[in-house]
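Novice: Pasted the sequence and its predicted model underneath.
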Amino acid sequence: MKSSGLRDEYRNVRLLLAYAIRYKSRLALSLVCSVIVSVLSVGSLTMLMPIVETIFQPQHRLVEAEPSADGLHALLAPFYRFVDYYAQSSPFGTLLCACVFYLLLVAIYGGFRYVHEYMSRWIGHRVILDLQRDLFSRMTVFNAAYFSRNRVGSILSYFTVDIRVIGMTVFNAFGRLMLEPCLLLVSLAYLYWIHWKLTLIYMCSFPILAWTIQYFARKNRKAARDVQSYMARIGAFLQEHFSHIRLVQGYEMYDHQKNRFWNEIIGTFRASMGMVKAKAVSSPLNEFLGLCAVCLILMLGGYFIIIREEMNGSVFVVYLAVLGTVYQPIKRIEQSIQEIQHGLAAAERVFGVFAIDEALPEHPQALIVDSFEREICFDKVSFSYDGVQPVLTDISLTVKKGELIALVGPSGAGKSTLANLIPRFYDPIEGAVLLDGRDLRTLQLSALRRLISVVPQDVLIFADTVRTNLTCGDERYSQEQVIAAAQAAYAHDFISALPHGYETTVGERGVSLSGGQCQRLALARAFLRNSPLLILDEATSSLDSESERHIKLSMQRLMQGRTTFVIAHRLSTILHADKIVVVDGGVILDIGKHQEILERCAIYRRLYQLQFLEDEQSSPATRTESAAHST
């Protein structure tokens with residue numbers, strides 16, 4: 001189990017690196033800048049030595065220092081000769097030259113630091129962009145079952161929370177963890193050059209520091225996983241809550257929803273505090289260990305200066321200054337590693353989506369179909385959403401070209417599921433759906449769906465222009481074609497009355513339009529697509545009489561000359577269907593024309609009688625008669 005976790009961790013790191021390594025030139029530039037920044041950062045500190053020597057030994061000429069006295073004097077010998085030439089043996093001139101040179105190094109350091117920072121952040125934000133694009137493309141082709149199992153808010157958290165965290169991880173990995181190790185190595189090289197014995201003694205503390213960093217990183221990773229999970233659940237809850245705000249307010253569900261939200265955010269708080277504890281313990285502990293090492297160096301430095309006389313005071317000042325640049329990179333590396341755990345936990349979630357295969361499989365030699373000629377056949381089809389509970393069982397049905405098929409049955413009978421198998425929103429687990437004798441799974445999916453228009457009961461409207469909602473983003477349609485489709489659906493008049501006509505942007509889910517207008521847009525969309533197969537989830541019962549009349553007329557036009565599957569809610573609209581298919585419990589109970597199955601199918605007869613009574617009770621004459629009777 002542990003080895004499996006390590007393999008997954010390495011896999012996620014490799015995938016993350018693959019996204020960043022796409023930008024090799026920028027990475028290389030950032031790495032070069034890191035090396036230059038590290039050299040300049042430590043090199044500028046060596047200027048402290050001539051400054052200290054000039055202040056405390058004004059009569060001492062820098063060029064008089066013995067190059068062989070120690071490594072640092074030998075390293076600075078060319079600089080000493082340069083300063084002595086321009087300062088002309090003046091202590092103040094020497095101090096001025098050293099300070100000017102120090103400021104120049106710092107200015108150049110700042111320029112290269114800016115380039116490094118910019119490139120690192122650019123790569124991090126670009127990885128965010130690439131991941132969002134690839135994840136969106138990946139999830140767009142997932143089958144409908146995936147979105148039935150996963151809440152929308154949880155899916156959104158991949159794009160809004162997890163990927164943003166991954167982007168910061170890339171910056172930490174390729175920004176800080178590129179610069180800080182370079183700075184650490186250059187600093188250690190300087191220290192080794194100055195006094196190798198002290199440096200080796202100081203480096204003995206590194207294994208202990210590395211162990212503590214690794215220990216707390218593991219704890220941080222576990223807490224980060226919990227935080228990401230809770231954040232996804234919070235996103236799902238908020239999306240559901242505000243999408244159903246009218247229900248919440250209408251039924252005064254305030255306390256219930258507040259309690260649900262509190263349970264989610266308190267879980268996030270506790271998981272976040274687990275991360276805080278890991279960071280809060282790790283940082284002071286490593287600071288204490290680092291301070292112990294520095295104190296040991298101070299004592300040993302005094303020993304080498306006072307007793308052994310192997311170092312002078314100015315050299316030790318520079319040594320301590322550079323030693324400070326060693327501790328800071330270690331501290332920042334430790335902080336970055338802790339922060340990266342959050343990103344790796346997010347990467348587990350995001351790359352987990354890439355790893356699953358929820359797309360409908362497509363045959364390697366898929367056939368491209370451009371027409372529907374004879375029939376659609378359901379051949380002993382069975383289906384289940386979860387693989388356990390059957391939704392459809394042993395469905396056999398043949399539909400000839402041009403027929404009007406009405407799917408009838410109580411709620412939850414499987415009518416919509418049966419219709420959803422035709423455009424391959426789902427695949428049957430047993431049997432096959434055949435188009436002109438060919439299994440749908442052997443056909444190119446995009447070509448198959450071009451043959452089908454779907455008008456759902458819950459009309460889907462994008463927060464975009466009316467034209468885009470009609471064309472679904474397909475720019476091949478001319479304005480004349482769009483207008484003709486709208487006219488056929490009795491939608492042109494109300495569209496023309498909008499502020500910008502077909503270029504008017506409608507609100508989210510078509511909130512600025514009435515229910516009847518949204519349904520007429522959906523019908524116009526089907527007219528424009530002009531597919532030979534039509535799946536119509538009839539829904540007119542909740543509309544006003546004028547909208548219902550327009551939509552019925554539009555549906556009648558739309559069905560002409562097409563093979564149509566109607567998921568019937570009002571039986572009065574499908575009395576003249578070529579075949580009425582009665583479905584209950586996922587099985588077909590009867591198939592025939594209205595009068596035939598009215599006589600022999602008890603469920604259909606009961607549904608018809610219930611709707612007949614409802615229609616009779618809702619008629620004006622009946623209402624008047626009832627009112628007179630009650631008076």
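Specialist: Arrived safely.
Novice: Give me the pLDDT for residue 71.
Specialist: According to the prediction, residue 71 has pLDDT 51.
Novice: so what's the residue sitting nearest the centre point of the chain closest to, chain neighbours aside?
Specialist: The centroid of the chain falls nearest to residue 159 when counting by Cα atoms, centre = their mean (2.3 Å). Spatial nearest neighbour of residue 159, excluding adjacent residues (Cβ to Cβ, 6 or more residues apart in numbering): residue 132 at 5.7 Å. Every residue, glycine included, has its C-beta placed from N, CA and C.
Novice: Where does the one you found fall, secondary structure wise?
Specialist: Per DSSP states H and E: residue 132 is located in helix 91-140.
Novice: Equivalent analysis for residue 583, please.
Specialist: strand 579-584.
Novice: pLDDT on that strand, on average?
Specialist: For strand 579-584, mean pLDDT is 93.
Novice: what distance separates stretch 346-353 from the centre of its chain?
Specialist: Centroid separation for stretch 346-353 versus its chain: 9 Å, with Cα atoms, centre = their mean, to the nearest Å.
Novice: what's residue 145 in contact with, if anything?
Specialist: By Cβ atoms under 8 Å, 6 or more residues apart in numbering, the contact set of residue 145 is 358, 385, 426.
Novice: Tell me if it really is in a helix.
Specialist: Yes - using DSSP: H, G, I helix; E, B strand; the rest coil, the assignment for residue 145 is a helix.
Novice: what's the spacing between it and residue 359?
Specialist: According to Cβ to Cβ, to the nearest Å, residue 145 and residue 359 sit 11 Å apart.
Novice: same question, residue 154
Specialist: Using Cβ to Cβ, residue 154 is found at 19 Å from residue 359.
Novice: if you count what's nearby, which of those two comes out ahead?
Specialist: residue 154 (18 against 14; other Cβ atoms under 10 Å).
Novice: Count residues in the vicinity of the closest residue to residue 482 other than its chain neighbours, would you?
Specialist: Nearest non-adjacent residue to residue 482, counting by Cβ to Cβ, 6+ apart: residue 470, 5.5 Å away. Around residue 470 there are 26 other residues, counting by other Cβ under 10 Å.
Novice: tell me the contacts of residue 470?
Specialist: 477, 482, 485, 486, 502, 521, 524, 525, 528.
Novice: so what pLDDT did it get?
Specialist: 89.
Novice: what does residue 155 give?
Specialist: Note for residue 155: predicted pLDDT of 85.
Novice: packing partners for the one helix or strand it maps to?
Specialist: In this structure, residue 155 sits in helix 152-157 according to DSSP H and E. In terms of contacts (3 or more Cβ pairs under 8 Å, 6 or more residues apart in numbering; DSSP states H and E), helix 152-157 is packed against helix 206-243.
Novice: Give me the mean pLDDT for the helix it packs on.
Specialist: Mean pLDDT, helix 206-243: 79.
Novice: Could you pull out the buried residues of that helix?
Specialist: For helix 206-243, the neighbour count (16 or more other Cβ atoms under 10 Å) marks 209, 212-213, 216-217, 219-221, 223-237, 239-241 as buried.
Novice: try stretch 560-576
Specialist: So stretch 560-576, judged by 16+ other Cβ under 10 Å, has buried residues 562, 563, 564, 565, 566, 567, 568, 569, 571, 573, 574.
Novice: Find the residue closest to residue 517 in space, skipping its chain neighbours.
Specialist: Nearest residue to residue 517 in three dimensions, chain neighbours excluded: residue 494, at 5.6 Å (Cβ to Cβ, 6+ apart).
Novice: and if you look at residue 501?
Specialist: Distances taken as Cβ to Cβ, 6+ apart place residue 495 nearest to residue 501, at 6.2 Å, with adjacent residues excluded.
Novice: now swap in residue 553 and tell me
Specialist: Sequence neighbours aside, residue 490 is the residue nearest to residue 553 in space, at 6.7 Å (criterion: Cβ to Cβ, 6+ apart).
Novice: What about that neighbour, how many residues nearby?
Specialist: By other Cβ under 10 Å, 21 other residues sit near residue 490.
Novice: What are the phi and psi values at residue 490?
Specialist: The phi/psi pair for residue 490 (degrees, to the nearest 10) reads phi 60, psi 40.
Novice: quick one: it from residue 573, how far?
Specialist: Note on residue 490: its distance to residue 573, by Cβ to Cβ, is 17 Å.
Novice: does residue 433 count as helix, strand or coil?
Specialist: Three-state call for residue 433 (three-state DSSP): strand.
Novice: And the strand or helix carrying residue 337, how far out from the chain middle?
Specialist: Here residue 337, judged by DSSP H and E, is contained in helix 313-355. Chain-centre distance of helix 313-355: 26 Å, with Cα atoms, centre = their mean.
Novice: tell me the mean pLDDT for that helix?
Specialist: Average pLDDT, helix 313-355: 80.
Novice: now the angle between helix 206-243 and it, please.
Specialist: Between the axis of helix 313-355 and that of helix 206-243 there is an angle of 40 degrees, by axes from the mean of the first three to the mean of the last three Cα atoms, to 10 degrees.
Novice: how far away is residue 397 from residue 299?
Specialist: Residue 397 is 91 Å from residue 299, where distance means Cβ to Cβ.
Novice: In terms of packing, which of the two has more residues around it?
Specialist: A side-by-side neighbour count of residue 397 and residue 299, using other Cβ under 10 Å, places residue 397 first with 18 against 9.
Novice: so the more buried one bridges to which residues?
Specialist: residue 378 (DSSP bridges).
Novice: what sits against it?
Specialist: Remark: with contacts taken as Cβ under 8 Å, 6+ apart, residue 397 is in contact with 377, 378, 581, 588, 591.
Novice: Would you quantify the distance from it to residue 569?
Specialist: The value you get for residue 397 to residue 569, if Cβ to Cβ is used, is 20 Å.
Novice: Also residue 203?
Specialist: Counting by Cβ to Cβ, the separation of residue 203 from residue 569 is 78 Å.
Novice: go on, residue 591?
Specialist: Here the criterion is Cβ to Cβ. By it, residue 591 lies 19 Å from residue 569.
Novice: what's the answer for residue 412, then?
Specialist: Counting by Cβ to Cβ, the gap from residue 412 to residue 569 is 13 Å.
Novice: So which residues of the protein form strands?
Specialist: Under the criterion DSSP state E, strands of the chain are mapped to 375-384, 390-400, 404-408, 430-435, 438-439, 452-455, 533-537, 563-567, 579-584, 587-592.
Novice: pLDDT below threshold where in the stretch 51-200 of the chain?
Specialist: 51-91, 94 (pLDDT under 70).
Novice: quick check, distance from stretch 391-410 to the centre of its chain.
Specialist: Relative to its chain's centre, stretch 391-410 lies at 39 Å (Cα atoms, centre = their mean).
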